[in-house]
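Asker: got a structure for you, letters missing:
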């Protein structure tokens, strides 16, 4: 998966009136899965930060732990 979920070409493809419904659903599904993967990786990276690094980004250990425990599909 790529990180180009907000790629203008992808957004144009998704909004195209000539795009068959199944293709539009496939584009939307791919964008959703890409977002989930980005969230999963972010939470993994967050779990590897020590307290000093968390303080640098303005989070407490409790806040980080709550975010880490969320499922990949939760925002």
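Answerer: Nice, thanks for sending it over. In this text the structure is predicted, and so the values were computed from the model without any measurement.
Asker: Give me the below-cutoff pLDDT ranges for the protein.
Answerer: 1-17 (pLDDT under 70).
Asker: Let me know the secondary structure of the residue of it most remote from its centre.
Answerer: Relative to the centre of the chain, the most outlying C-alpha is that of residue 18, 27.8 Å out, by C-alpha atoms, centre = their mean. Here residue 18 is coil, with the state taken from DSSP: H, G, I helix; E, B strand; the rest coil.
Asker: Quickly note the distance from the spatially most central residue of the chain to residue 42.
Answerer: Most central in the chain under C-alpha atoms, centre = their mean is residue 35, positioned 2.9 Å from the mean C-alpha point. Going from residue 35 to residue 42 by C-beta to C-beta, to the nearest Å gives 11 Å. No exception for glycine: its C-beta is placed from N, CA and C like everyone else's.
Asker: Return the set of buried residues in the helix or strand the residue nearest to the centre of the chain falls within.
Answerer: Using DSSP states H and E, residue 35 falls within helix 21-47. For helix 21-47, burial by neighbour count (16 or more other C-beta atoms under 10 Å) applies to 27, 31, 34, 39, 43, 46.
Asker: What's the first helix or strand after it?
Answerer: Using DSSP H and E, the helix or strand that directly follows helix 21-47 along the chain is helix 51-56.
Asker: So which elements touch that next one?
Answerer: When contacts are defined as 3 or more C-beta pairs under 8 Å, 6 or more residues apart in numbering; DSSP states H and E, helix 51-56 packs onto helix 61-68.
Asker: Contacts for the helix it packs on next, please.
Answerer: Identification of contacts with helix 61-68 by C-beta atoms under 8 Å, 6 or more residues apart in numbering yields 43, 46-47, 49, 51, 54, 59.
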